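K.L.:
What follows is a predicted structure for the sequence shown.
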Amino acid sequence: CPFHDVIYPIMTEEEGMRGMIIDKINRWFSEEEYKRKPLKFIGYNIPGMDLSEYVFTEDIYFCKSIFRGPVSFNNVTFQRVDFSDVVFQSAYFDNVTFSKMATFECITSGKLEFIVCRFKTGARFREANIEEIEVIGGQFGMEDNADKRRIECDFQFARLKRTTFRNVKFCTVTTFGDTEFGEATFSNRTEFFNQADFSNSRFLGIGNFLDVKFNGTTNFHHVIFQDQEGVLFDVNSLSEVSFIGSDIMRVRFGERVVWREDESNKFIIRDEIDLIECINPIFTWEKVPSDPKHEKNLRCFLKKGSG
């Protein structure tokens, strides 16, 4: 089979291979026997090509395929798409809608680029090994989703040599747990609307969090910042961020950082407040009906316990 022969695409004209792949996609769209069935490119050897402007109405699988040149998926709509165990040179996704789960548990030797992409039901980059990933604009999850806890943006155990997220909305639960970053920059109003977890991750070089909003509980627990002086948190608020078990002695924090929204404790980090609340009662039952502060603390305590 020419698609699965490692030597074939190297020894033959690549344009012929591209034509066969496009023909398979066009048959899938036009012939009744292919409609309403997943489109599968399992274990294919695919030359560099442009696969833009398609609207896929069924799931598509590229598992274990090798893209032997740059590939573009611009202005594409996917349902479920699976790039598990795929090898990319470089891949470009511009203005792409991922309607269902998108799986990128892949290896790239070049750049993986996402510009204004919408991952409606989450994305999995778990254990991916990526030379460079750049995400500009777009969002993970939907802002109006009723149950954001069940939709995840998962980068756990990934190895990301160069990472850029600019003006990205993380609307779902997001995990970068156990992720290894070479150089990483989160910037330009990137916003985490839900829980985010960087626990046990490693930042080997520069790590910049510039003009980022952490709206949900965000954990940097037991994180290794190898080059601490190369790490900068220049954000407005870290009131939802916890650094338990992480050495941040030489990590840099911007002058505008507010650690707590409460003016009386704005220079106390969240972990200290949590410790104090464990030791000292945060409200007194006798004062709840009459004292607004104790009533507010009770409401917060009940909300935290139920969430």
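P.N.:
Yes, it's here. Numbering: from 1, shown residues only.

K.L.:
Give me the local confidence score for residue 109.
P.N.:
Listed pLDDT for residue 109 reads 95.

K.L.:
List the pairing partners of the helix or strand hosting it within its sheet, with orientation.
P.N.:
Remark: residue 109 resides in strand 107-115, with elements defined by DSSP states H and E. Next to strand 107-115 in the sheet, as set by DSSP bridges, lie strand 87-88 (parallel), strand 91-94 (parallel), strand 129-136 (parallel).

K.L.:
contacts for the longest one?
P.N.:
What that stands for is strand 129-136. With contact meaning CB atoms under 8 Å, 6 or more residues apart in numbering, strand 129-136 is reached by 106-117, 158-168. Using the backbone N, CA and C atoms, a C-beta is placed for each residue, glycine as well.

K.L.:
what does the second one give?
P.N.:
The contact list for strand 91-94 (CB under 8 Å, 6+ apart) reads 67, 70-76, 108, 111-117.

K.L.:
can you rerun that using 7 Å?
P.N.:
67, 71, 72, 73, 74, 75, 108, 112, 113, 114, 115, 117 (CB atoms under 7 Å, 6 or more residues apart in numbering).

K.L.:
next structured bit after that strand?
P.N.:
strand 97-98.

K.L.:
circling back to that earlier point, can you go through the contacts of strand 129-136 and name the buried ones?
P.N.:
With burial judged by 16 or more other CB atoms under 10 Å, the buried subset of those is 106, 108, 111-117, 158-168.

K.L.:
The closest residue in space to residue 228 that isn't next to it in sequence: what secondary structure?
P.N.:
Take residue 228 and drop its neighbours on the chain: the residue closest to it by CB to CB, 6 or more residues apart in numbering is residue 250, 3.8 Å away. Classification of residue 250 using DSSP: H, G, I helix; E, B strand; the rest coil returns coil.

K.L.:
where's residue 250 relative to residue 230, distance?
P.N.:
10 Å (CB to CB, to the nearest Å).

K.L.:
quick one: which of those two has more around it?
P.N.:
Comparing residue 250 with residue 230 by other CB atoms under 10 Å, the one with more neighbours is residue 230, at 17 against 11.

K.L.:
So what does the nearest residue to the more buried one once chain neighbours are set aside have for phi and psi?
P.N.:
Using CB to CB, 6+ apart and skipping residues adjacent in sequence, the residue nearest residue 230 is residue 206, 4.5 Å away. Per-residue torsions, residue 206: phi -60, psi 140 (degrees, to the nearest 10).

K.L.:
tell me the contacts of the residue nearest to residue 88 when sequence neighbours are not counted?
P.N.:
Sequence neighbours aside, residue 108 is the residue nearest to residue 88 in space, at 4.3 Å (criterion: CB to CB, 6+ apart). Contacts of residue 108 were listed using CB under 7 Å, 6+ apart, and they are 88, 91, 130, 131.

K.L.:
quick one on the thing from earlier: now render the strands paired with strand 107-115 as CSV, adding mean neighbour count.
P.N.:
Shown next, in CSV, are those (neighbours: other CB atoms under 10 Å):
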stretch, mean neighbour count
strand 87-88, 20
strand 91-94, 20
strand 129-136, 19
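
K.L.:
Quick one, which of those strands gets closest to residue 261.
P.N.:
strand 129-136 (28.7 Å; CB to CB).

K.L.:
need the next SSE after the closest one, C-terminal direction.
P.N.:
Past strand 129-136, the next helix or strand by DSSP H and E is strand 139-140.

K.L.:
Pull the residues that contact that following strand.
P.N.:
For strand 139-140, contacts defined as CB under 7 Å, 6+ apart pick out 118, 119, 122, 123, 153, 168, 169, 170, 171, 172, 174.

K.L.:
Quick one: distance of it to the chain centre.
P.N.:
Chain-centre distance of strand 139-140: 8 Å, with CA atoms, centre = their mean, to the nearest Å.
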